[in-house]
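In: need a structure here:
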Amino acid sequence: MTHEFYTLYDHMLHSETIIYMIMGISLVAFTLYWFFITGRDDNADD
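Out: This next block holds a predicted model:
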């Protein structure tokens, strides 16, 4: 990635955007993982 930051504000805005994207993806992934772990059927009659 060859992006040049001309001001500190540009750098901070880019960093903040990346962090928010990572946090959003992590939240969705954790929620799906939680439903996968807690959604199993313990009363299976095999």
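
In: ok, now how distant is Tyr33 from Gly39?
Out: 11 Å (C-beta to C-beta, to the nearest Å). Any C-beta I mention is one placed from the backbone N, CA and C, and that applies to glycine too.

In: nope, Thr7 is what I was after
Out: Distance of Thr7 to Gly39, given as C-beta to C-beta: 48 Å.

In: And for Glu16?
Out: Distance, Glu16 to Gly39, by C-beta to C-beta: 34 Å.

In: who's more crowded, those two?
Out: Neighbour totals were compared for Glu16 and Gly39, and Glu16 leads with 10 against 7 (other C-beta atoms under 10 Å).

In: okay, and for this protein, where does confidence drop off?
Out: Counting by pLDDT under 70, the chain contains low-confidence ranges at 1-2, 41-46.

In: what distance separates the start and the end of stretch 3-11?
Out: Its first and final residues considered, stretch 3-11 spans 10 Å by C-alpha to C-alpha, to the nearest Å.

In: now swap in stretch 4-13 and tell me
Out: Start to finish, the residues bounding stretch 4-13 are 13 Å apart (C-alpha to C-alpha).

In: His14: what secondary structure?
Out: helix (DSSP: H, G, I helix; E, B strand; the rest coil).
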